[in-house]
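*Asks:* starting from these lines, generate the structure:
(chains A and B)
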Amino acid sequence: MSLATTHVETRGAVAVRSVDKSYGNQQVLHEVELDVAEGEVLVIIGPSGSGKSTLLRTINHLEKVDRGTISLDGELIGYQVRNGKLHERRESEILVQRTEVGMVFQNFNLFGHLTALQNIIEAPIHARKIPKAKALARAKELLTRVGLADKADAYPRQLSGGQQQRVAIARALALDPKVVLFDEPTSALDPELVTEVLEVIKDLAKSGTTLIIVTHEIGFARDVADRIIFMDGGRVVEQGTPSELLTNPQHDRTKSFLSKVIEPAFNI
Amino acid sequence: MPSATNVTEPQAVQDPATVPAQQQVVAEPSQQTADNYADYAVVAARHPWRWVGTVIVAAIAAAVLYSLLTNPRWEWGVVAQWFTAESILRGLGQTLKLTLISGSLGFALGFILALMRLSSSPLFSSVSWTFSWIFRSTPLLVQLLLWYNLGYLYETIRLGVPFTSITFAEFQTTSLISQFAAAVLGLTLNQAAYSAEIIRGGILSVDQGQIEAATALGIPRWRRSTKIVLPQAMRAILPTAFNEIIGLVKGTSIVYVLAYSELFYTVQVIYNRTQQVLPLLLVATIWYIVITSVLSVAQYYIERHYSRGALRTLPPTPLQKLRAFFATHANTNSSKGQL
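*Replies:* Predicted coordinates for the structure are as follows:
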């Protein structure tokens, strides 16, 4: 909350500046430049290994970048400018920054030993120091919003994949993040469970929170995105509105990717 | 999405062609037989060899029990006489105290060592590794004697700033290291070295995604380790940890070398005086069995506690099973008839 007061006018604008990232001698991000406006819904598509997930993970500092900077509402993630130098932030400060960025994982990653409700209140109470009663009320409200009010006391393993992912979304929202990152949120789900999760995300897209979504669901991207970027080989190859990028791609790489992703749905 | 219905249709067309052929094959041998067996009585399969095995095992068990009860040299009267003697109970109390203190301190230190070993700091990790290496590669007996004789190596223990003459406090080592202190020190450090590895194994068994999710939520490191990772690691830790604790209960008997009056040393002192060696060893043995049994029951319930969330439904406790057994058999005995 204290951080938000200094940036009342903007909420959730992300700026990625010439970010490089390598694992060993394999470079996964090349000079990535990206601006996400406040409240924008950005969808990232691209083949596996194109650096989509890595880019997402650098935004909440789960991965350190090798070069370049990422900022949220003008504040650098993981670093601080002092005397013309970038000082690495202390872990406690990074933790505070992370609470501003929610993340939803492909494999849900709900805490298996905690109930749905306990999963949601954990971070608000222990990372944000919100009083328990307040956190509980907010958690119940969020569970209702994702349609799982009756599953508050269920453990993750007692829930279907779709239900688990909806709890995970509620957990990410419990911190009132400025940005929510989705890392292939429906890839681990049975086809008939995908819709229920996408509905929740669509609903969220209308709420004005900045969303950055990595997905293979092209139809969903078309519906929900303000802008789509196509990544390949660690680079942003092309970007545009859904209609521009999906129906009239400029680059050969984009064309061939889209032909593989979109065609099979009509052909089988 | 609409294409999904198109996908299934061609298969649906193919199916009717193959199904009748299969049905004919099945239908021929059974001819006109009705498929309704609801009225048939069920005859349980017989296991004659199981009965033979049962008789043999029962005979052996009876023979062992008979010899235990009737061989006068076991001197059960002496066992009974000493079993609850005040000195024995005092020794038992010391054994429990040593187990409790060294067990809890050992596991607490083991947890810290496991975290150090898994930390990204090469210093922490190698200090932890060296600790486990030293304490696992030297005999506990030697460690205990070494701690007890620390006063010979270092006459005084000084609390101050290293390499300077600044001293806050200075102790006579022999006054600091009593038998009890040496026993606790030896058992704790030894236990810590083993439990560090057990806890590390448990932590490694927890999905990396759990740590990642906790990190992404901004949950502080210590809470992440103790409230997210450790409870889930417990399922892997507990069975081996209880092995260790049960080993420790009996392992405390080794501190008899320090003439510390725990259960085993007490028993020795008594039988050296009365020459009733076997009955008194039996007294100690039975007490160890009692402690171990209590721990085994505790283990069952603690493991059950930590399997919350890991299983869709918790298995029934033995008590619940017993109740269910009697509940069903009370109903079915009358209808089934007797074998």
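
*Asks:* CA atoms for contacts and neighbours, from now on please.
*Replies:* Will do.

*Asks:* quick one, strands of the stretch 151-268 of chain A?
*Replies:* Secondary structure of the stretch 151-268 of chain A (DSSP state E, counting those that start in this stretch): strands at A:179-183, A:210-214, A:227-232, A:235-240.

*Asks:* then the first one to PDB, C-alphas only?
*Replies:* In other words, strand A:179-183. What follows is strand A:179-183, C-alpha atoms only, in PDB (Å, rounded to 0.1, in the frame of the first residue of the first chain):
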ATOM      1  CA  VAL A 179      -0.100  -6.700 -12.600                       C
ATOM      2  CA  VAL A 180      -1.100 -10.400 -12.900                       C
ATOM      3  CA  LEU A 181       1.100 -12.700 -14.800                       C
ATOM      4  CA  PHE A 182      -0.300 -15.900 -16.300                       C
ATOM      5  CA  ASP A 183       2.100 -18.600 -17.300                       C
END
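
*Asks:* what is the orientation angle of it with strand A:210-214?
*Replies:* Interaxial angle of strand A:179-183 relative to strand A:210-214 (axes from the mean of the first three to the mean of the last three CA atoms, to 10 degrees): 10 degrees.

*Asks:* again, but for the last one
*Replies:* Taking the same axes, to 10 degrees, one finds that strand A:235-240 is oriented at 120 degrees with respect to strand A:210-214.

*Asks:* what residues does chain A have near chain B?
*Replies:* A:60, A:62, A:92, A:94-99, A:101-103, A:105, A:107, A:109-115, A:123, A:126-127, A:155-158, A:172, A:265-266, A:268 (CA under 8 Å from any CA of the partner chain).

*Asks:* need the strands of the stretch 151-268 of chain A in a markdown table (columns: mean neighbour count).
*Replies:* Shown next, in a markdown table, are the strands of the stretch 151-268 of chain A (neighbours: other CA atoms under 10 Å in any protein chain shown):
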| stretch | mean neighbour count |
| --- | --- |
| strand A:179-183 | 25 |
| strand A:210-214 | 26 |
| strand A:227-232 | 23 |
| strand A:235-240 | 18 |
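
*Asks:* who wins for proximity to residue B:252 among the ones you listed?
*Replies:* Closest approach to residue B:252 among these (CA to CA): strand A:179-183, 52.6 Å.

*Asks:* and the contacts of that closest one?
*Replies:* A:12-13, A:53, A:56, A:100-106, A:172-173, A:209-215 (CA atoms under 8 Å, 6 or more residues apart in numbering or on different chains).

*Asks:* narrow those residues to those in helices?
*Replies:* Per DSSP state H, helices hold the following members of these: A:53, A:56, A:172, A:173.

*Asks:* how about the second one, nearest residue that isn't a chain neighbour?
*Replies:* Distance criterion CA to CA, 6 or more residues apart in numbering or on different chains; nearest residue to residue A:56, sequence neighbours excluded, is residue A:181 at 6.7 Å.

*Asks:* can you list the weak-confidence ranges in chain A?
*Replies:* Low-confidence segments of chain A (pLDDT under 70): A:1-10, A:263-268.

*Asks:* Produce a ChimeraX select command limited to the buried residues of the residues of chain A next to chain B.
*Replies:* Those of those that count as buried under 16 or more other CA atoms under 10 Å in any protein chain shown are selected in ChimeraX with:
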select /A:60,62,94,95,96,97,98,99,101,102,103,105,107,109,110,111,112,113,114,115,123,126,127,155,156,157,158,172
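
*Asks:* narrow the residues of chain A next to chain B to those in strands?
*Replies:* A:101, A:102, A:103 (DSSP state E).

*Asks:* around chain A, pick out the residues from chain B.
*Replies:* Residues of chain B lying close to chain A by CA under 8 Å from any CA are B:1, B:3, B:7, B:209-210, B:212-220, B:228, B:231-232, B:306-312.

*Asks:* try it again at 6 Å.
*Replies:* B:209, B:210, B:216, B:217, B:218, B:219, B:309, B:312 (CA under 6 Å from any CA of the partner chain).

*Asks:* many thanks, I have nothing further to ask.
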